[in-house]
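A.B. asks: let's see this in three dimensions:
(one chain, ligands or ions: 1)
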Amino acid sequence: MLPSDLIKLKKNSKKIIVLTAWDSISGSLIEESGADIVLVGDSLAMVALGYKSTLPVTLDNMIYHANAVSRGFKKDFGSQPLMVCDMPFLSYQCGEEKAVEFAGRIIQSTYAKAVKIEGAEPEIQGVISRLIRMGIPVMGHVGLTPQSYLNIGLKKQGLSLESREKLKGDSKALEKLGCFSLVLEHIPEDLAREIQSNLKIPTIGIGAGKYCDGQVRVTADLLGLNEKQPPFCDPILQGKKIFADKLKEWVQKERIN
Ligand code: KIV
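C.D. replies: The predicted structure follows:
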């Protein structure tokens, strides 16, 4: 699947499922799950690298992990899930030239077919437009944008009238620039619904209610592997506890034998 094929899924009202991966085991599990898109998100900073935020993760980290993820795929390139890789903090905030070089490195040295960029400030819009014109598909991301948490915290966005209007305008602008889809993170359900119905490109929600064209989850949150859970992801199992208990049981049994 190519990024541009995604719009057909929206037209056919087929829900788009996106899961994050950070290494070959998670890549392989997600390919087997049948998800449409594997996102190598910069959430790997917390999920896999033990950082407290997404800010410390580097371009080299992203490329290293994206390659590990695709080594976990069994299917051939054409039938694998579409792999999208996050552009990490400071890989696109320092101007268009650098952004083209860094996004180009992701596309050239991994199997990612698109990059994801947070925000829609005028400078970011310039970068997104340039990348798309240079042949690099971009998934947008608005609402709670964790790379800006020092400014906006990790709070729900779109609560005031001003913030709602801004998010609607930003979403429309990102579609106009040519983003092939848009992540809506931690915003009210009715706002996400309005944005969804005003866009031709698919909206992919996380903490944005059920009306988006697709849903994205950080797989480690979904499996309950993390110490701290975001308020908008109910785990489908208590993975950390299950694995920890089983390992403890094995260690104790082996000590006796
Ligand atoms: O980094 C990430 O995992 C993300 C998702 C939360 C959308 O950006």
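
A.B. asks: what about the residue in the chain that the ligand sits nearest to, neighbour count?
C.D. replies: The shortest separation between the chain and the ligand is 2.3 Å, found at residue 41 (distances taken as CB to the nearest ligand atom). Yep, even glycine has a C-beta here, placed from its N, CA and C like the rest. Number of residues near residue 41 (other CB atoms under 10 Å) recorded here: 29.

A.B. asks: show the pLDDT at it.
C.D. replies: Among the per-residue scores, residue 41 shows a pLDDT of 98.

A.B. asks: tell me the residues of the stretch 151-257 of the chain that contact the ligand?
C.D. replies: Counting by CB under 6 Å from any ligand atom, the stretch 151-257 of the chain comes close to the ligand at 183, 206, 216, 218.

A.B. asks: tell me what the third one is bridged to.
C.D. replies: Per DSSP bridges, residues listed as beta-bridge partners of residue 216: residue 18.

A.B. asks: ok, now the second one?
C.D. replies: Applying DSSP bridges to residue 206 yields these beta-bridge partners: residue 185.

A.B. asks: that one against residue 215, yeah?
C.D. replies: Yes: the pair formed by residue 206 and residue 215 meets the contact definition of CB atoms under 8 Å, at 7.0 Å.

A.B. asks: for the two, indicate the residue with more neighbours.
C.D. replies: For residue 206 versus residue 215, neighbours defined as other CB under 10 Å are more numerous around residue 206 (24 against 18).

A.B. asks: who's in contact with the more buried one?
C.D. replies: Contacts were defined as CB atoms under 8 Å, 6 or more residues apart in numbering; by that measure residue 206 touches 183-186, 215-218, 232-233.

A.B. asks: measure residue 175 to residue 10 for me?
C.D. replies: Distance, residue 175 to residue 10, by CB to CB, to the nearest Å: 12 Å.

A.B. asks: what's the answer for residue 211, then?
C.D. replies: 12 Å.

A.B. asks: before we move on, what about residue 179?
C.D. replies: Residue 179 sits 13 Å away from residue 10, taking CB to CB as the criterion.

A.B. asks: now for those two: what residues contact both?
C.D. replies: When contacts are counted by CB under 8 Å, 6+ apart, residue 179 and residue 10 have residue 201 as shared neighbours.

A.B. asks: looking at the two, which is more packed in?
C.D. replies: A count of neighbours by other CB under 10 Å puts residue 179 above the other of residue 179 and residue 10, at 27 against 19.

A.B. asks: list of residues touching the one helix or strand residue 247 maps to?
C.D. replies: Taking DSSP states H and E as the definition, one finds residue 247 inside helix 239-256. Here helix 239-256 makes contact (CB under 8 Å, 6+ apart) with 220, 223-227.

A.B. asks: show me where pLDDT drops low in the stretch 1-150 of the chain?
C.D. replies: Per-residue confidence of the stretch 1-150 of the chain (counting by pLDDT under 70) places no residue in a weak region.

A.B. asks: near the ligand, which residues of it are found?
C.D. replies: Residues of the stretch 1-150 of the chain lying near the ligand (CB under 6 Å from any ligand atom): 20, 39, 41-43, 86.

A.B. asks: who's in contact with residue 127?
C.D. replies: Residues touching residue 127, when contacts are defined by CB under 8 Å, 6+ apart, comprise 92, 95-96, 99, 117.
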